[in-house]
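Asker: Need a 3D model of the following:
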Amino acid sequence: MRNLNMATPAEVRRAGWEALREKLGPASALRFMLDYERGEGNYTELRRGLFKGRTVQSIVADMKQEGLDK
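Answerer: Residues are numbered from 1 along each chain as shown. Model (predicted):
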């Protein structure tokens, strides 16, 4: 990654996510982000739509494939 002083907004967000994930682990980093940026809408309904028909095992397998399990 480039020097963050010269990074794009996307690069800064990625570096921030990686730092959170390294320090807190993926689950706690996600909890932090959800608490930090509450956003709008109904997360329960969104989650039901996003994960409809999926098992925890298939979601974890996808995370591993994308390298998000570290």
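Asker: Per-residue confidence at Glu40, what does it come out as?
Answerer: Note on Glu40: pLDDT of 75.
Asker: So which elements touch the strand or helix carrying Leu30?
Answerer: Leu30 belongs to helix 26-36 when elements are defined using DSSP states H and E. Applying 3 or more Cβ pairs under 8 Å, 6 or more residues apart in numbering; DSSP states H and E, we find helix 26-36 packed against helix 9-24. Where you see a C-beta, it was placed from the backbone N, CA and C, and this is true even at glycine.
Asker: what packs against the helix it packs on?
Answerer: helix 26-36.
Asker: list the buried ones in the helix it packs on?
Answerer: Ala29 (16 or more other Cβ atoms under 10 Å).
Asker: what angle sits between whichever helix or strand comes after that helix and helix 26-36?
Answerer: Next helix or strand after helix 26-36 toward the C-terminus (DSSP H and E): helix 43-50. With axes from the mean of the first three to the mean of the last three Cα atoms, to 10 degrees defining the directions, helix 43-50 sits at 130 degrees from helix 26-36.
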